[in-house]
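Chemist: Just a sequence and a predicted model for now, questions to come.
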Amino acid sequence: MTKNRELVHPYIPNSVPEVTNEMLKEIGAKSVEDLLKGIPKRLRFKRSLNLPEPFLVEMELRNHVEEILSKNKTCKDYLSFLGAGCWQHYVPAVVDEIIHRAEFLTAYAGNTYSDLGKWQAFFEFQSMMGELLEMDVVSLPTFDWGTAVAFAIRMSSRMTGRNEVLVPKIISPERLSIFQNFCQSKRAPNNIDINLVDYDSKTGSIDLDDLKKKISSKTAAVYIENPSYLGIIESNGEEISNLAHNNGSEFIVGIDPISLGILNPPAEYGADIVCGNIQPLGLHLNFGGGVGGFIASRDESKYVSEYPLHLVSIAKTEDKKGFGFGFCSFDQTLYITREKGKDFTGTTVALWTIASAVYLSLMGPEGLRQIGETIIQKSHYAAQTLSKIDNLEIIFSPNFFKEFVVNFDETGKKVDEINKKLLTKKIIGGKNIANEFPNFGNSALYCITEMHSKKDIDRLAAALEEVLK
Amino acid sequence: MTKNRELVHPYIPNSVPEVTNEMLKEIGAKSVEDLLKGIPKRLRFKRSLNLPEPFLVEMELRNHVEEILSKNKTCKDYLSFLGAGCWQHYVPAVVDEIIHRAEFLTAYAGNTYSDLGKWQAFFEFQSMMGELLEMDVVSLPTFDWGTAVAFAIRMSSRMTGRNEVLVPKIISPERLSIFQNFCQSKRAPNNIDINLVDYDSKTGSIDLDDLKKKISSKTAAVYIENPSYLGIIESNGEEISNLAHNNGSEFIVGIDPISLGILNPPAEYGADIVCGNIQPLGLHLNFGGGVGGFIASRDESKYVSEYPLHLVSIAKTEDKKGFGFGFCSFDQTLYITREKGKDFTGTTVALWTIASAVYLSLMGPEGLRQIGETIIQKSHYAAQTLSKIDNLEIIFSPNFFKEFVVNFDETGKKVDEINKKLLTKKIIGGKNIANEFPNFGNSALYCITEMHSKKDIDRLAAALEEVLK
Amino acid sequence: MVNQQPRKYHAHVWDEPIILEMGRKGERGISIPKVEKEIEKAVKEYKSYVPSKMLRKKRPKLPEISQPHVLRHYLRLSQQTLGMSLNIDIGMGTCTMKYSPIINEELVGLPQFTETHPFQDERTVQGILEIIHKFARIMCEISGMAEFSFQPGGGAHGIFTNACMIRKYHEIKGELDDRNEIITTLFSHPADAACPATAGFKIISLHPDPETGLPDIEALKTAVSKNTAGLMITNPEDTGIFNPKIDEFVNIIHEAGGLCAYDQANSNALFGIARARDAGFDMCHFNIHKAFSSPHGSMGPACGAVGVSNELTEFLPVPIVTFQDSVYHLDYDRPNSIGKVREFFGNIETIVRAYSWVIGMGAEGLKKVSETSVINTNYLIKKMSNIPGVTMAYPKQNIRLDQVRFSLEKLKKDSGVGTEDIARRMIDFGIQEYFTSHHPWVVPEPFLPEPCETYSKKDIDYWVSIIKYVCDEAYANPEIARTAPHNQSTSKINQGVLNDPNNWAMTWRAHVRKNKRPTHK
Amino acid sequence: MVNQQPRKYHAHVWDEPIILEMGRKGERGISIPKVEKEIEKAVKEYKSYVPSKMLRKKRPKLPEISQPHVLRHYLRLSQQTLGMSLNIDIGMGTCTMKYSPIINEELVGLPQFTETHPFQDERTVQGILEIIHKFARIMCEISGMAEFSFQPGGGAHGIFTNACMIRKYHEIKGELDDRNEIITTLFSHPADAACPATAGFKIISLHPDPETGLPDIEALKTAVSKNTAGLMITNPEDTGIFNPKIDEFVNIIHEAGGLCAYDQANSNALFGIARARDAGFDMCHFNIHKAFSSPHGSMGPACGAVGVSNELTEFLPVPIVTFQDSVYHLDYDRPNSIGKVREFFGNIETIVRAYSWVIGMGAEGLKKVSETSVINTNYLIKKMSNIPGVTMAYPKQNIRLDQVRFSLEKLKKDSGVGTEDIARRMIDFGIQEYFTSHHPWVVPEPFLPEPCETYSKKDIDYWVSIIKYVCDEAYANPEIARTAPHNQSTSKINQGVLNDPNNWAMTWRAHVRKNKRPTHK
Ligand SMILES: Cc1ncc(COP(=O)(O)O)c(C=O)c1O
Ligand SMILES: Cc1ncc(COP(=O)(O)O)c(C=O)c1O
């Protein structure tokens, strides 16, 4: 029977006092204090941690956390039109089932022998992404799209020995900020300068003239996104690719993988490195948690030898009868060569890759084509419907995929104000981009996916009409 | 690409038309109609099934079912005091995790070689129940408590060659009705008569005098419940046992297993067969779905040879190095001897036994003791608190476990009316037993478990005060 | 073509102890809520509420184990269990081992279902009542019956329920004293004999014709009499052969004054193809946990949904869910009802899943299920031809619907390896053992595959290739199958103890008592 | 006493094909919502919205597989993965393979969390902001720091974030041109060198003293200069030895004008025992996916929570969650912030779980975690003594905190069997391989167990018994370990291809291209 004074915790088997004592005896220590004497007294924490009263009973813990979380309004209860890099796509039940499996959920760094299944799932993720991208090398993802691109930029800087990169002016400010952290402060010794390329004010796509103006012998890489941060499908991929290549620069393209059932993969218009966010492929919003950024390239040593990320390769067994997996060029990671390695990786988002592998195998080529068609038609229906509302204007039509910019300048109302009113109708309006892109005025980025029904879109339109009148 | 006309369903791989055709060709059939010609035309269904439009898209299916289910009010949103054979106890997360595992969820009739784990979990269920009950034989459960007792009654009838059974007048009417179906219509050749034994009007326990009066040479078994349907702890177990045994009758006791951390198991006061509902041991309410009825007895051939249910036995492997499991005395089930078998079993509630095994191993002896203490103290606190309300009366105190009867006669209000008003305060009142037991007047059966906090109980009291004034 | 090389396989071997051997005194799997201080003050010590004779004296010898270890143990046991989801589970004839969609598991796990109490006020459970009511309507359309109850907790229980209704019917007509015989067939499921027997009936079983495998209509004519209470019959029986005279059977019984109950547990080939009521049946039951895809759950929870014709609805168990004035009701006011066969309303989780499955299929999907099931079965038959030692039972009937019975009589004669050996050996290839057949084994050394719509052509090819591999192997080296399994979590057990009172052990305590040294270290 | 017989073990062998070999044309895993008829009418064909050059021409060669087969495949792969939950995962030093409570998985799976968008209005996400804010307060108390950010997606990322803040600090002070050196130690995690290098710093690594295993304070004094930007150091390093002069290290750096970042990924022994800030550190990071029990997820999602002293809060990434007027806010108005290191707010799922874990522990529980971790480690050390071939690194330091580094140098010399062989052989007993150590291997043939609080005394005994068994076996028959594993899902692979451009293959398409015949049938 446990004494009141001693906490026996269900998660800590050896917290049973008798066991602790037996073990201390075996060690030859009087108390745990004997074992802590390597920590000088002056560094020892003297009081008890001042933490909230614990919920030791699971039932009470559950109630407590559920109560807090229930203060959230969700994109399930509300009708949401937010996107901007974290999009509400449908997550098939099978995906959640698989990534919930205790084996995948709690595995970590085991090699191919103990964890063959995990490695195979990784390889299948890379392989299916490879098919989608028409590229032979795909990495295990890093934390997010922005970091993936930052690494790709640094790869091309190392490859070309140049230290400038061109990125589009229309880009997620969050992504840009990440680039800046990776490309280093201007004051740091080996920084990479980030120059912004202007957009065509009609179509929103890359301003080729500006690009031509800015590209130079310092340009390590040209980076574009397709669709762009504001949803626009860039049609000059090939021209940009030629410009970059003729200049000896790498051409990096960021994509939304769920668009690739209908959109041309960047490899087809010359991309050397492709990056993107796997979140649309079977991941929940998770308040922005469910993202991950992959890097893909051609299967050439000059690329492979610059990857900071894990690259899972298939390998035959010594008896040649079976197969297993291992990390390709592991020696170039920080784990072997520390600061001499290629940047860094670490624990990233492996479980999400398993989710995406399951998602892609459920979808298949037809599923991806259909979802692409559905999304683009629905988003255009939405744009069309909204554009009929007095004083609303859709910028940059008609070449967008699932996101488009709605301008409210003529309504005389601020986006924040409109969104606040929409909220009272249980609608979460598009993301306010007035601060991010003052050029576009009082605008919001609306996102439509396969999850929005016609009814949903019509409901939005009706609500906007009401809010704006 | 699928033609519009042909439904390729994700659950039916061979619904791909090309595959169907290949297979038909291999079979040598022109169409599936060729294969259905064994069914005479006159028996063929001529039209299409007239079913609602399907939701072929998982997302839409999910929305549809969730929308329907969201019309329910739950015992989670509301504060509920319902029990009466289906009780709201806390289900640890680990329990749900385990019974959600695809392996357990979708296994069926595999033997010990393919399904060792499933069999071991069954055996562990039986073994832990055996410890709780202090009995050596425990069956895999049947559908519910009522059916378990019905089988036990039929076992004792076969064992004694007698065809009368005594059951308490205070019993769940549902259970009683099940007994009646199993003990057969009076007009059937080999029926068993069910006679009701009166209760002591003060304590609610068995009226020993009435029992003495009714017991006879025809009595195959005496059945009691402890705690009874109305929550009363029966203290005369030993006397009843003696009466039964002296009369050559079997003594059958029904129990609530969650009480056995603090209550004496029936074997200790002479029970020959023990039955009960495993629902408190880790199962959700499931609108009454989460129940299961076990039978336990001493390890004697005369009992074992009468079980209709599956009995999992441990068995050594032929090489004596390992172990496996099999069904004990399988030949007496319907599967081997059809109508000559002992009654029947079939697919029952195996998954629930795995839930209960996990529950019992999480709880351990201390957990069960503590939960028993918590429940009984909380329920008495509730009774005490309610009894302070004007015109309310608790019948049969002080010997109850988690349920007690509240009488509203003096309030001048009907239970249904009171419960309706409580509902508006998001409280689900106790079960109305006025129709079941008119003798107890205008009464309701209230249930308190470890899930009710003091605040909950006080909230009920306050609500009742308000409703009744 | 069926000479595919088997894939390598080995089951997980964890060699787990029995849980009662695990943990140690003082460990805890979960913490229990204590009563609040205020309650502690307000009430007495718990013992004072328990009559002293009723206080437990000895602690139960349950194990004491920390949470991660309980989890680890049961996760390991799960890995040692070959669920349908994990394998080509074609062998389990009569069981319809079909895919149980994950989405349905998510839906049935919602608190909007799991946290509802059966005695809640109707108005607070309109959602679940709606599902029950709508699913009943769907079942009526599928079967042609007029009303359904989902109370029975399994197929056998459904049959028992039907037997109780037959009993009630004759009782109310005042004929029960005479009408005490139920006719069934030997190839009908054993429950069609055992359950009416439990309900008090004498059982007459019609034997199959050795040529056709079908019950003889002449035998039926001889069997009926004024004592006939009814017919309880499976069709197709677990040979997969549809009885083409089934409606004549029904007529004969009806003319004799009996009722007819159709055991439709094996309905997977009949969706939109043939209906029980259209063949004249008065009642039927379906196994929701089979053809309707609710998972088998290691052996339940399950549901034997019973449906009856208009004339018999009055006998159904109470309550029935009705819909009036836009509100769903629980109708208990049914004086001729047999009452309850199960507390509350049955395993309603199976109904939530089945509703979701059917509504995700639609009429066209359901028909596709049955057509595919029939094509798969006949494709399998084709593939199985020419495997040495294997013959199909009743070969004159060359078509089967949902399943097919084979015999290994020849293999046994030739090699000494029988059907139970082959079943055990199959598992060594990661394929669930097959079901032999119900007893008696009219067809010697039988086995009974049911390749339902879940399985791909490749799955069937592979399954057949394993049968062939194992049969070839049995000829070449019979010892392998006889001593199988070899790649499993455990090896062949000594069956003898299971019927030996000195050795059987249904609990660890009994095992320890009977063995000086426990089996496991 | 450590001569326990190993339990039988075999991993699941399924011999699954690569998914791109599965299924067949036309099969579907899930149906996709089509646009409604009305939308179809209202809009144009999808192609007219895509510039023609941007229309995909070739279908991607993704597999086409029905749903039950996709599920079966990934379930099988999961069974071939030895998660922490399934085994005695003591070997993975520095990884803190602790129990991830199931209740936390349920909570983090609630739609109230999973269906929230990062750009929702603050007022609609008060619940999750409350958890972030409260957890930050808890982390401040645990570390002594003033503010936290959970944006970094892992430990290395946290270190990188700290390096960016150090950079910003010096930049703003106008000293970045000079201050371009980060000092670390060779036994600090490789990320403490690699991440500041990525941030543009030169790295100086202090080597361990061969006797004590600790970095030499004199070497530090030599290393510091006006170029010193800061110190990034792990403590205890992955030897498990606490650096008793850690505060002096900090002082030396401070005096030189640098900042000090404490890598607390391995904090499991220090809860309530010692705090980063109390040793003078300016910043620190914790691995939420390790000591705070968020599951490792096969390698993430993770969180490297960074905490800073009051002076440095201005540099933290934006936004910071603040609490004012009873409302939680996202504070972006922080001009000196380094901006973003990750889009949105990080892997907040790890924070939901960690909050739930800490709040289910409390101060007493947390301290118990650490104490138990220390006791377990030193108990393991005791048990490991006298295993032939095994020596503890730096034996003069006889106490360890959370982990301990051993060497198999002797075994290797005696038998030819090295630490990687033994690691592979361990798995044959159902125990996750151990982690050798980070490179360079200053301690030859190292291995690094970390028996955190999750493991019972019995677990530790068993783990040690397997080490002993395998080492004994290596002396008796070295071939067994060298060719291991033998009871696994696959056998020893040819490592050579992994660095060979002609043979490596990161995708199936590359593999097929490089091999005329694919590896798998
Ligand atoms: C034809 C038939 N009837 C009845 C049953 C009995 O069903 P249950 O196992 O659910 O009791 C089965 C089950 O296999 C069956 O196939
Ligand atoms: C001390 C230390 N620092 C940093 C890290 C890197 O953490 P992550 O793998 O999350 O990037 C680890 C991980 O093992 C570690 O142990």
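Modeler: Now that the structure is in, tell me what you want to look at. Ligands and ions are numbered 1, 2, ... in the order given.

Chemist: contacts and neighbour counts: CA atoms only from here.
Modeler: Will do.

Chemist: In the stretch 351-469 of chain A, what residue comes closest to ligand 2?
Modeler: Scanning the stretch 351-469 of chain A for the residue nearest ligand 2 gives residue A:351, at 13.7 Å (criterion: Cα to the nearest ligand atom).

Chemist: Can you tell me the SS state at that residue?
Modeler: Following DSSP: H, G, I helix; E, B strand; the rest coil, we place residue A:351 in the helix state.

Chemist: can you pull the pLDDT of it?
Modeler: According to the per-residue confidence, residue A:351 scores 98 in pLDDT.

Chemist: Surely it touches residue D:300?
Modeler: Yes - counting by Cα atoms under 8 Å, residue D:300 is a contact partner of residue A:351 at 6.1 Å.

Chemist: What's the local residue count around the residue of the stretch 351-469 of chain A closest to ligand 2?
Modeler: 27 (other Cα atoms under 10 Å in any protein chain shown).

Chemist: ok, it - contacts?
Modeler: Counting by Cα atoms under 8 Å, 6 or more residues apart in numbering or on different chains, residue A:351 makes contact with A:99, A:104-105, D:297-301.

Chemist: repeat that with 6 Å
Modeler: Residues counted as contacts of residue A:351 (Cα atoms under 6 Å, 6 or more residues apart in numbering or on different chains) are D:297-298.

Chemist: what's the answer for the one 4 residues further on, then?
Modeler: Contacts for residue A:355 were tallied using Cα under 6 Å, 6+ apart; they are A:95, A:282.

Chemist: Distance of it relative to residue D:73?
Modeler: From residue A:355 across to residue D:73, the span is 13 Å (Cα to Cα, to the nearest Å).

Chemist: Okay, now the unreliable bits of the chain?
Modeler: The chain I'm using is chain A. Applying pLDDT under 70 to chain A picks out residues A:1-5, A:185-189.

Chemist: not what I meant, chain C
Modeler: Across chain C, the stretches falling below the confidence threshold (pLDDT under 70) are C:1-3, C:517-521.

Chemist: and with 80 instead?
Modeler: Within chain C, the ranges that satisfy pLDDT under 80 run C:1-4, C:516-521.

Chemist: Show the subsequent helix or strand relative to the longest strand that it contains.
Modeler: Across chain C, the longest stretch assigned as strand under DSSP state E is strand C:228-234. Using DSSP states H and E, the helix or strand that follows strand C:228-234 in sequence is helix C:246-255.

Chemist: That following helix: which residues count as buried?
Modeler: With burial defined by 16 or more other Cα atoms under 10 Å in any protein chain shown, the residues of helix C:246-255 counted as buried are C:246-247, C:249-254.

Chemist: Also stretch C:38-49?
Modeler: For stretch C:38-49, the buried set under the neighbour-count rule, 16+ other Cα under 10 Å, comprises C:39-40, C:43, C:46-47, C:49.

Chemist: And stretch A:446-462, by the same measure?
Modeler: In stretch A:446-462, the ones that count as buried by 16+ other Cα under 10 Å are A:446-454, A:457, A:460-461.

Chemist: Show me these that map onto helices.
Modeler: Of those, the ones assigned to helices by DSSP state H are A:454, A:457, A:460-461.

Chemist: wait, which of the residues you listed is closest to residue B:136?
Modeler: Of all these, the one sitting nearest residue B:136 is residue A:454; the distance, using Cα to Cα, is 63.5 Å.

Chemist: what separates the closest one from residue A:373, distance-wise?
Modeler: As for residue A:454, its distance to residue A:373 is 15 Å (criterion: Cα to Cα).

Chemist: Could you give the number of residues near the closest residue in space to residue A:425 that isn't next to it in sequence?
Modeler: Spatial nearest neighbour of residue A:425, chain neighbours left out: residue A:463 (7.4 Å); criterion: Cα to Cα, 6 or more residues apart in numbering or on different chains. Using other Cα under 10 Å, residue A:463 has 17 other residues around it.

Chemist: And residue A:14, by the same measure?
Modeler: Burial of residue A:14, expressed as a neighbour count using other Cα under 10 Å, amounts to 30.

Chemist: how many neighbours does whatever residue of chain C ends up closest to ligand 2 have?
Modeler: Of all residues in chain C, the one sitting closest to ligand 2 is residue C:68 (22.1 Å; Cα to the nearest ligand atom). Residue C:68: 26 surrounding residues under other Cα under 10 Å.

Chemist: Residue C:480 now?
Modeler: Residue C:480 has 17 neighbouring residues, counting by other Cα under 10 Å.

Chemist: Doesn't it belong to a helix?
Modeler: Yes - read with three-state DSSP, residue C:480 is one of the residues of a helix.

Chemist: give me phi/psi at the residue nearest to it when sequence neighbours are not counted?
Modeler: In this structure, residue C:480 finds its nearest non-sequential neighbour in residue C:474, 7.2 Å apart by Cα to Cα, 6+ apart. The phi/psi pair for residue C:474 (degrees, to the nearest 10) reads phi -60, psi -40.

Chemist: Residue C:352 now?
Modeler: According to degrees, to the nearest 10, the main-chain angles of residue C:352 amount to phi -60, psi -50.

Chemist: now it, nearest residue through space, not along the chain?
Modeler: Nearest residue to residue C:352 in three dimensions, chain neighbours excluded: residue C:108, at 6.2 Å (Cα to Cα, 6+ apart).

Chemist: same deal with residue A:172?
Modeler: Of all residues not flanking residue A:172 in the chain, residue A:229 sits nearest, at 5.8 Å (Cα to Cα, 6+ apart).
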